[in-house]
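>>> Got a predicted model here, sequence first, then my questions.
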Amino acid sequence: MSEIKTEKFEDSLKKLETIVKKLESDLPIDEALSAFEQGIALSKSCMDELKKEKGKLALLVDDLNKITEEFDIKND
């Protein structure tokens, strides 16, 4: 399941890179606005996915810290 999300993220990022290159060329204003709108939507989607993954990573690190604290052997 994680691979599907990664592929979706990577596909969105590639599409976003294509849009940026397109915007760097000489486009008619209506095409530029449409491409810009698509780029904003893709950018938001990518950022949302990164935020979700960051949250999952933080939870995993917290869990790991709890586990290591439970097994911490104190030398007296």
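Here it is on my side, so go on.
>>> which stretch of helix or strand covers residue 52?
Taking DSSP states H and E as the definition, one finds residue 52 inside helix 29-70.
>>> With residue 26 instead?
Short version, using DSSP H and E: residue 26 is in no helix or strand.
>>> Report the buried residues of the lowest-mean-pLDDT helix or strand in the chain.
Ranked by mean pLDDT, DSSP states H and E, the weakest helix or strand in the chain is helix 2-24, scoring a mean of 83. For helix 2-24, burial by neighbour count (16 or more other CB atoms under 10 Å) applies to 9, 12, 16, 19. From N, CA and C alone the C-beta is placed, and that goes for glycine too.
>>> Can I get those residues in TSV including distance to residue 71?
Output for those, formatted as TSV (distance: CB to CB, whole Å):
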residue	distance to residue 71
9	35
12	40
16	44
19	49
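>>> Check those residues against residue 53 and report the nearest one.
When the buried residues of helix 2-24 are ranked by distance to residue 53 (CB to CB), residue 9 comes first, at 8.6 Å.
>>> which residues sit in contact with that closest one?
Contact analysis of residue 9 by CB atoms under 8 Å, 6 or more residues apart in numbering lists 46, 49, 50.
>>> Nearest residue to the most centrally placed residue in the chain in space, please, no chain neighbours.
Computing the C-alpha centroid of the chain and ranking residues by CA atoms, centre = their mean puts residue 50 first, at 2.9 Å. Among residues not flanking residue 50 along the chain, residue 9 sits closest, at 7.9 Å (CB to CB, 6 or more residues apart in numbering).
>>> Relative to residue 24, how far out is the closest residue to residue 49 other than its chain neighbours?
Nearest in space to residue 49, with sequence neighbours left out and distances taken as CB to CB, 6+ apart, is residue 9 at 5.1 Å. Distance, residue 9 to residue 24, using CB to CB, to the nearest Å: 23 Å.
>>> before we move on, what about residue 59?
Applying CB to CB to residue 59 and residue 24 gives a distance of 39 Å.
>>> same thing with residue 48?
From residue 48 to residue 24 the distance is 25 Å (CB to CB).
>>> same question, residue 57
33 Å.
>>> repeat for residue 52
30 Å.
>>> Ok, residue 42 next?
Counting by CB to CB - residue 42 and residue 24 are separated by 16 Å.
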